[in-house]
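Enquirer: what would the 3D arrangement of this be:
(chains A and B)
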Number of protein chains: 2
Amino acid sequence: MTPRRVVIVGGGFAGLFAARALRHSPVTVTLIDRRAHHLFQPLLYQCAAGILSEGQIAQPLRAILHRHENVRCLLADATDVDVKGRTVHAQRPQGGSIVVPYDDLIIAAGMRQSYFGHDEFVANAPGMKTLDDALEIRRRIYRAFEMAESATDARDRRHWLTFALVGGGPTGVELAGQIREIASHTLDREFRTIDPLEARVLLFEGSDKVLAPFGDRLAGRAADALRDLGVELHLGTRVTGLDEQGLTVEARDGTTTRHPARTVLWTAGVEAPPIAGVLARATGAKQDRAGRIAVQPDLTLPGHPEIRVVGDVMSLNHLPGLAEVAMQSGAYAGRAVRHGVEGRTRKPKPFKYVDLGSAAYISRGRAVVKAGPVHLSGIGGWLAWLFIHIAFLTGFRSRLGAVLSWSVAFACGARRERAFTLPTADTASAEPRGTTAALRGP
Amino acid sequence: MTPRRVVIVGGGFAGLFAARALRHSPVTVTLIDRRAHHLFQPLLYQCAAGILSEGQIAQPLRAILHRHENVRCLLADATDVDVKGRTVHAQRPQGGSIVVPYDDLIIAAGMRQSYFGHDEFVANAPGMKTLDDALEIRRRIYRAFEMAESATDARDRRHWLTFALVGGGPTGVELAGQIREIASHTLDREFRTIDPLEARVLLFEGSDKVLAPFGDRLAGRAADALRDLGVELHLGTRVTGLDEQGLTVEARDGTTTRHPARTVLWTAGVEAPPIAGVLARATGAKQDRAGRIAVQPDLTLPGHPEIRVVGDVMSLNHLPGLAEVAMQSGAYAGRAVRHGVEGRTRKPKPFKYVDLGSAAYISRGRAVVKAGPVHLSGIGGWLAWLFIHIAFLTGFRSRLGAVLSWSVAFACGARRERAFTLPTADTASAEPRGTTAALRGP
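Expert: Numbers count the residues shown, from 1 in each chain, chains lettered A, B, ... in the order given. Okay, the predicted model is just below:
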């Protein structure tokens, strides 16, 4: 008898936990991801901010799973599902497509950044979902200070020292805090012309509070902490225009304001990747407004007990897009497949998310943590954050390195991973172009 | 009295040591580099090979020099020198040019990869001079194994598992060793379809030995060590054609051979950057075949006692392009400027390079080291290499991290920095394109 073939699309928390749950099952697992690594998404902003390296937050999927001998990892972009023929079709990065047959399919494709129909914004406002995004943001943050230092007029300098963040969720708040910390603790003595502390950080959020899911009290504390740090909050605003010189926002009362800013970072929304639409059309499954696929209580699709959708791209009881939801739903789907293979006939209990709490880092010494009745902010929240994240990284070889990097960053403000590359177009050596303004003397 | 203005072009070893030598001088120093970081070039191949992170080998210039209060760093590409008006013209990465006046000019612009007139090779054979190069090579090495794993026919798989290195200097030898080590120690248990050990590594070198500057005995030892590792040496060959499927080489007797290889890495030669030609034309200085600028024994240009050329781009007594030469010549130039400012009138002693030896890493437990009469290879060479590099990294915050990364890599073959990104074009999610071959089953 050939073993049952399980295909998992996506190697984030959900896909990884599904694969792990199948470790001792007599199945073959094919894990397809368009990246070769699993990303520790909750710390992505620390890579962007120059504290952690790529390797500290991204581990090769096949390295994580090398002892799972029934799991095979493939680097490819799953583009289509043939639900009748039970095959997944995927494109390899350097060309060529592959077809992978399945008996059970677990879709854990995650969500990607959404620009709410303004896809033209992406060139001037990178999102924060992938390692590429983090490296792009790292480049833009540190390059902006360099450009301000070499600016030949005050206006240009001011615009390079203005950073705009769109989105007041954990990622936006974390990045806002990081930029102010970089200005005040990392770069404070390194420049001769500019004072990095002049850097303005503007945070735009559509609702009337940052970190709304943490509840009024913690959201208020977070807003206070951000204002203390020097972050300018613009709540109840909506971005209507964005280019490389800045952005235009509209307030609730309809007034629009133009904010010059050479660095704009986007963390405002998410949308499902194309594979979700493909699957919905093929199965008749419903999608919510962001494209998440509605699942039944056992995470299968109606009429397709062999297809499960888990993680951020799953729509069930308005569960939030958190790592913890992804892990639990992925593990549930993996176990359900295992139980099927083992021949259990009892109908499985519906998936139930156990909320272990959530945390958002604001700055050195400040974080908010919510875990059931426990609400922490300030230094207490920060210590809880630290403890949670060190514990979470367990099993990742990078834990020791991350703790080392944090110690250096927290103790003396130094960031070890500030190196950034410049796209070739940036540095293509030009013929002398007839020069312009003279530099302000040192 | 306004302080004397010193402009240094280039923040490699030569430029950095020049700036440091001017620390306590009553001068203002402007250090112009097209990257914001100083690169620890001798370990660049370890970044490419996934052992070290960017931050472990690249430190922001302004962080290294933040206590040098008379030094100002500018991120810009120096494109022109007006030797009459004594100004350097430079392009900022995001647009705008700047003009920096000087009283003393130190050119430490380094060398870049040369393709010997075949600039079209670069797209399919990245060089190894910059951080971007290292990340590109990291991407290509690890992606090749991924592509081999998902290949649907044996020929394609074989071509993805063939790595060609052009150039038998230290960098080519180090990369060859790294790829074999990655195959045998890092990836050995991670794949299900391919055996990474099948990876062939072909090393092409124009002369009749690898590491020729180390002398016949060490060169022979290095060749033996490489063959032991499984590297196929093709000496006395010259690349005449190169595309994304492989390369064509010509032997001394005129016979040409085609080698299919989906990964080709180029470390064969160097050439001076455009600024060297600009300077030579403006001053009448001579350039050697690779574009290096001929200097006088005191490193100044004939007729221009205010212009010094140091490091790799300096041509003097056929000194090799080594970090040690760059450091010593940079420091010499900085001291010479200082002595001028201090009003010393005695003619300076000519620059004299003190050869402290050189080292090339082959693989775990094998390196060659030459220091005067001392010639080491095998484990002795390796221990010397390790000692030298730990000592050299002194003063870099990354030393502890590097030692940690090395311990992990040497002890268990694990590489902590394998994460790579894929260019957008690679992963742009395509509409389902009508699929092709079925996968070889697991």
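Enquirer: name the element the residue nearest to the spatial centre of chain A belongs to?
Expert: Most central in chain A under Cα atoms, centre = their mean is residue A:129, positioned 3.4 Å from the mean C-alpha point. Using DSSP states H and E, residue A:129 sits within no helix or strand.
Enquirer: that one and residue B:322, how far apart?
Expert: 43 Å (Cβ to Cβ, to the nearest Å). Placement of C-beta: from N, CA and C, glycine included.
Enquirer: with residue A:272 instead?
Expert: Residue A:272 is 54 Å from residue B:322, by Cβ to Cβ.
Enquirer: and the residue nearest to the centre of chain A, how far from residue A:312?
Expert: Taken as Cβ to Cβ, the span from residue A:129 to residue A:312 is 10 Å.
Enquirer: cool, residue A:173 as well?
Expert: 19 Å.
Enquirer: same question, residue A:375
Expert: With Cβ to Cβ as the criterion, residue A:375 and residue A:312 are 25 Å apart.
Enquirer: over to residue A:418?
Expert: For residue A:418, the distance to residue A:312 - Cβ to Cβ - is 30 Å.
Enquirer: circling back: shared neighbours, residue A:129 and residue A:312?
Expert: Shared contacts of residue A:129 and residue A:312 (Cβ atoms under 8 Å, 6 or more residues apart in numbering or on different chains): A:110-111, A:270.
Enquirer: with pLDDT, secondary structure and neighbour count as extra columns, can I get these in JSON lines?
Expert: JSON lines is the format used below for the shared contacts of residue A:129 and residue A:312 (pLDDT from 0 to 100; DSSP: H, G, I helix; E, B strand; the rest coil; neighbours: other Cβ atoms under 10 Å in any protein chain shown):
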{"residue": "A:110", "pLDDT": "97", "secondary structure": "coil", "neighbour count": "27"}
{"residue": "A:111", "pLDDT": "97", "secondary structure": "coil", "neighbour count": "20"}
{"residue": "A:270", "pLDDT": "95", "secondary structure": "strand", "neighbour count": "20"}
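Enquirer: between those, which sits nearest chain B?
Expert: The closest of these to chain B turns out to be residue A:110 (Cβ to the nearest Cβ; 12.7 Å).
Enquirer: ok, now which ones touch that closest one?
Expert: Shown in contact with residue A:110 (Cβ under 8 Å, 6+ apart): A:10, A:12, A:14, A:129, A:273, A:311-313.
Enquirer: near chain B, anything from the one helix or strand residue A:264 maps to?
Expert: Using DSSP H and E, the element containing residue A:264 is strand A:263-266. No: contact of strand A:263-266 with chain B (Cβ under 8 Å from any Cβ of the partner chain) is absent, the minimum separation being 10.7 Å.
Enquirer: just stretch A:137-150 next, same as before
Expert: Yes: using Cβ under 8 Å from any Cβ, stretch A:137-150 reaches chain B at A:142-143, A:146-147, A:149-150.
Enquirer: likewise stretch A:287-300?
Expert: No: Stretch A:287-300 is not in contact with chain B by Cβ under 8 Å from any Cβ; minimum separation 13.2 Å.
Enquirer: and that stretch, what's its mean pLDDT?
Expert: The pLDDT scores in stretch A:287-300 average 98.
Enquirer: span of it from start to end?
Expert: Start-to-end span of stretch A:287-300 (Cα to Cα, to the nearest Å) is 14 Å.
Enquirer: check contacts around residue A:255.
Expert: Here residue A:255 is in contact with no residue (Cβ under 8 Å, 6+ apart).
Enquirer: try 10 Å
Expert: A:237, A:249 (Cβ atoms under 10 Å, 6 or more residues apart in numbering or on different chains).
Enquirer: before we move on, the earlier item: now secondary structure, pLDDT and distance to chain B too, for the contacts of residue A:110, in CSV please.
Expert: Shown next, in CSV, are the contacts of residue A:110 (DSSP: H, G, I helix; E, B strand; the rest coil; pLDDT from 0 to 100; distance: Cβ to the nearest Cβ, whole Å):
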residue, secondary structure, pLDDT, distance to chain B
A:10, coil, 98, 13
A:12, coil, 96, 14
A:14, helix, 97, 19
A:129, coil, 95, 12
A:273, coil, 97, 7
A:311, helix, 98, 18
A:312, helix, 97, 17
A:313, helix, 98, 14
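Enquirer: determine which two of these are furthest apart.
Expert: Greatest spacing in the contacts of residue A:110, by Cβ to Cβ: A:14 and A:129 (14.6 Å).
Enquirer: and the strands in the stretch 251-400 of chain A?
Expert: Here the stretch 251-400 of chain A has its strands, by DSSP state E, counting those that start in this stretch, at A:256-260, A:263-266, A:269-271, A:293-294, A:300-301, A:304-309, A:314-315, A:358-363, A:366-371, A:374-376.
Enquirer: strands of the stretch 101-250 of chain A, start to end?
Expert: Going by DSSP E, counting those that start in this stretch, the stretch 101-250 of chain A shows strands at A:104-107, A:112-114, A:162-166, A:200-205, A:231-235, A:237-243, A:246-251.
Enquirer: and the angle for the fourth one with strand A:162-166?
Expert: Computed by axes from the mean of the first three to the mean of the last three Cα atoms, to 10 degrees, the angle separating strand A:200-205 from strand A:162-166 equals 10 degrees.
Enquirer: now for strand A:200-205, which elements pack on it?
Expert: The criterion is 3 or more Cβ pairs under 10 Å, 6 or more residues apart in numbering or on different chains; DSSP states H and E, and the helices and strands that strand A:200-205 contacts are strand A:162-166, helix A:170-181, helix A:216-229, strand A:231-235, strand A:237-243, strand A:246-251, strand A:256-260, strand A:263-266.
Enquirer: send the alpha carbons of it over as CSV?
Expert: Provided in CSV are the C-alpha atoms of strand A:200-205 (Å, rounded to 0.1, in the frame of the first residue of the first chain):
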residue,chain,number,x,y,z
ARG,A,200,10.4,62.7,13.2
VAL,A,201,8.3,59.5,13.2
LEU,A,202,4.7,59.9,12.2
LEU,A,203,2.3,57.0,12.8
PHE,A,204,-1.0,57.0,10.8
GLU,A,205,-3.8,54.7,11.8
